[in-house]
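[1] give me coordinates for this.
(one chain, ligands or ions: 1)
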Amino acid sequence: MNHLLLIHTGGTIAMSQSGSGHVMPSEVNPIDATLPKATDIANITTKHFSNIPSPHMTPEKMLELAQFINQQLTQDTYDGVVITHGTDTLEETAYFLQITLGAPVPIVLTGAMRSSNEVGSDGEFNLITALRVAQSDVARGKGVLVVFNGEIHSAFNVTKTHTSSVDTFKSVHFGNVGMVTKDHVLIYSQPTTKQPKMISTITKRVAVLKVVAGMDPDLIEAVLALGYDGLVLEVLGQGNVPPSIVPALELLVERMPVVIVSRCFNGIVQDVYGYVGGGQQLKEMGIIFSNGLNSQKARLRLLVELESGSSQAVMEHSFSFQQ
Ligand SMILES: NC(=O)C[C@H](N)C(=O)O
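    Numbering: from 1, shown residues only. Model prediction:
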């Protein structure tokens, strides 16, 4: 029988609703009560890494988690790892692990939208399906996966799309990579993955700003004044900005890497337009075009590139579109 490592980090899956109706972390993780129902799936070793709501997650804690997983995988033999996590930043931790961890076994993240004692609580189903995916041969070599509501997603594409629905995780651009049915774990497409970059510290800071019509340049100027090391800009459409921020961007890109992602939910940025502030001008300035990542993931990618001391050319390659 397979041996799985189950790591709890917190989130709603580890919470209960109190008498007042507010949802709070529980001292004893209620999801562990599900484990007797999983004994036919694998032998499971449980580790409690943290018990935090995921808005309390940071890149530093993500790095600690990556190091913890590496340590556990060298100390014992596991066939897969399941991580329970709050849903608010789950996609960020999943993507961080994807780009920094070269684990030889499936790494699967899951969570819940309804806490343990709420009607229709989804933690039990999500945990059981995540364990089934992690022990499955078809999950090997597929990168870090997110299993939620019977769907399997790649860390690259998945994002939280609904504030309260249990059907919240969706893969923009390419759709989910697989599904879990009563009897099967199916993965029908090969997720995009790139060589992970091992880092040992988080010392850099990357700002994220969203571009809006008629945007004032002062926030772009503040990025430099506040001592950030890089900027991710959520730009318009296929990769365009208003003329009002072009001079500030020109100055900024001389001093730090600037990466653009689109504020559209789907699609990639390209140098299509030749007007002032259009993609052609941004490309000529040396701005890096991302490959369809959302801004929260592009921020982590840029952070990892900065920590790795990557050149502009290496960064461009890391952000390039690859199928
Ligand atoms: N459903 C959840 O897990 C949301 C919660 N606020 C968290 O991310 O910790």
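[2] how about the contacts made by Asp76?
    Residues in contact with Asp76 (C-beta atoms under 8 Å, 6 or more residues apart in numbering) are 3, 5, 45. C-betas here are computed from N, CA, C, even on glycine.
[3] now swap in Gln72 and tell me
    Contacts of Gln72 by C-beta under 8 Å, 6+ apart are 5, 7, 47, 78, 81.
[4] same question, Asn51
    Asn51 sits in contact with 8-10, 14, 25, 29, where contact means C-beta under 8 Å, 6+ apart.
[5] redo that, cut-off 6 Å
    Neighbouring residues of Asn51 by C-beta atoms under 6 Å, 6 or more residues apart in numbering: 10, 14, 25.
[6] nearest to Val146 among those?
    Gly10 (16.3 Å; C-beta to C-beta).
[7] pretty sure the closest one sits against Phe49.
    No. Applying C-beta atoms under 6 Å as the test, Gly10 and Phe49 come out as separate, 8.6 Å apart.
[8] in the stretch 201-323 of the chain, which residue sits nearest the ligand?
    Closest to the ligand within the stretch 201-323 of the chain is Gln296: 13.3 Å, counting by C-beta to the nearest ligand atom.
[9] for that residue, what are its contacts?
    Residues in contact with Gln296 (C-beta under 6 Å, 6+ apart) are Glu92.
[10] tell me the domain ranges of the protein?
    According to the TED database, the chain comprises the domains 3-187, 206-319.
[11] ok, which of these comes nearest Met198?
    domain 3-187 (6.3 Å).
[12] quick one: the domains of the chain as JSON lines, columns for mean pLDDT too.
    Converted to JSON lines, the domains of the chain look like this (pLDDT from 0 to 100):
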{"stretch": "domain 3-187", "mean pLDDT": "96"}
{"stretch": "domain 206-319", "mean pLDDT": "97"}
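[13] point out the residues in the stretch 101-250 of the chain that sit beside the ligand.
    111-113 (C-beta under 6 Å from any ligand atom).
[14] pick the one among these closest to Val138.
    So of these, ranked by how close each gets to Val138 (C-beta to C-beta), first place is Gly111, at 22.0 Å.
[15] tell me the contacts of the closest one?
    Applying C-beta under 6 Å, 6+ apart, the residues contacting Gly111 are 11, 13, 85-87, 90.
[16] list just the nearest of the residues you listed to the ligand.
    Among the contacts of Gly111, and counting by C-beta to the nearest ligand atom, the member closest to the ligand is Gly86, at 2.2 Å.
[17] now the residue in the chain sticking out farthest from the centre: which helix or strand?
    When each C-alpha in the chain is compared with the mean C-alpha position (C-alpha atoms, centre = their mean), Tyr275 comes out farthest, at 33.6 Å. For Tyr275, there is no host helix or strand (DSSP states H and E).
[18] one more: Leu231?
    Assigned by DSSP H and E, Leu231 falls in strand 230-235.
[19] mind listing the strands that strand pairs with, and their directions?
    strand 206-210 (parallel), strand 258-262 (parallel) (DSSP bridges).
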